[in-house]
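Enquirer: What would the 3D arrangement of this be:
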Amino acid sequence: MVIMKKQNIILALLAGEGVAGLIYGFIKSSGMLTVMGLSSSLVGWILIITLPFISLLGLFISYLIGKKYLFVFQIAKFFLIGVLSTLLDLGIMNIIILLFGGVVGWAYNLSKASSFLIATTSKYWADKMLAFENKETHNVKKEFAQFLTITIISLFINVGVASFIVNNIHPQFGFNLIIWANIGAIVASIIGSLWNFVGYKYIVFKR
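Expert: Next comes the predicted model:
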């Protein structure tokens, strides 16, 4: 019988639930009453119920493939950890914006940089212990220094992409500035994650 570790199952369910909440939040913030003929509330419940299990199914499939190609399972776990980190990033960014304002310009850049650094720091142990299952502890200082170097480079990628989208591209599809700021952050996180995976796998957590 093929069974994943409990922490991986929890990771998949939390990530799916988080994405469901994020999408539903965008729907409500945009003022949409219906989505594809369904009420926004019903769509929210569908997302909340189905996305965690879709996430779990995707992780399980990658787990099976990972028995032959380990990097596939690592990418899947890294992606789910990245989703939770992005949600933390967005949560912190929105709190800063709510408290101090600054949806565009340098104020937004500073808000995004602050939230990114806090969220990415929290990823260190999750990536180390879950995504790459690196249990070594004797070289943590060097490892963490490498992690910070990769992360700092990612910071410039992340903030640069987010700032370009928010400050140079007018909000599309009827989104307001707050939603557009979050979309910019999401796109930036995806691009930054590609760099992070390569750096973490082949430099920081290589085994």
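Enquirer: which residues of the chain fall in helices?
Expert: Counting by DSSP state H, the chain has helices at residues 6-29, 40-66, 70-100, 105-126, 140-168, 177-199.
Enquirer: Residue 132 is nearest to which of these?
Expert: helix 70-100 (6.1 Å; Cβ to Cβ). For the C-beta atoms, the positions are set from N, CA and C on the backbone; glycine is no exception.
Enquirer: just the angle between that closest one and helix 105-126, please?
Expert: For helix 70-100 against helix 105-126, the angle by axes from the mean of the first three to the mean of the last three Cα atoms, to 10 degrees is 140 degrees.
Enquirer: Packing partners of helix 70-100?
Expert: If you count contacts as 3 or more Cβ pairs under 8 Å, 6 or more residues apart in numbering; DSSP states H and E, helix 70-100 packs onto helix 6-29, helix 40-66, helix 105-126, helix 177-199.
Enquirer: can you list the ones you listed in a markdown table and add mean pLDDT and mean neighbour count?
Expert: Below are the helices and strands packed on helix 70-100 laid out as a markdown table (pLDDT from 0 to 100; neighbours: other Cβ atoms under 10 Å):
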| stretch | mean pLDDT | mean neighbour count |
| --- | --- | --- |
| helix 6-29 | 85 | 18 |
| helix 40-66 | 90 | 16 |
| helix 105-126 | 79 | 18 |
| helix 177-199 | 84 | 19 |
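Enquirer: In TSV: the helices of the chain, plus distance to residue 206.
Expert: Listed next are the helices of the chain as TSV, based on distance: least, Cβ to Cβ, whole Å:
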stretch	distance to residue 206
helix 6-29	21
helix 40-66	17
helix 70-100	12
helix 105-126	15
helix 140-168	10
helix 177-199	10
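Enquirer: can you tell which of those helices is closest to residue 133?
Expert: Counting by Cβ to Cβ, residue 133 lies closest to helix 70-100 out of the helices of the chain; the figure is 8.4 Å.
Enquirer: Can you report phi and psi for residue 171?
Expert: phi -50, psi 130 (degrees, to the nearest 10).
Enquirer: my guess is it contacts residue 182, does it?
Expert: No. Taking contacts as Cβ atoms under 8 Å, residue 171 lies outside contact range of residue 182: 11.0 Å.
Enquirer: that older thread, among the helices and strands packed on helix 70-100, which is nearest residue 87?
Expert: Across those, closest to residue 87 is helix 6-29 (Cβ to Cβ), at 4.6 Å.
Enquirer: what's next to that closest one, contact-wise?
Expert: 35, 40, 43-44, 47-48, 50-56, 58-60, 63, 77, 80-81, 83-84, 87, 90, 130, 176, 178-179, 182 (Cβ atoms under 8 Å, 6 or more residues apart in numbering).
Enquirer: repeat that for 6 Å
Expert: With contacts defined as Cβ atoms under 6 Å, 6 or more residues apart in numbering, helix 6-29 is touched by 40, 44, 47-48, 51-52, 55-56, 59, 80, 83-84, 87, 179.
Enquirer: again, but for stretch 198-207
Expert: Stretch 198-207 is contacted from outside by 127, 132, 134, 143, 146-147, 150, using Cβ under 6 Å, 6+ apart.
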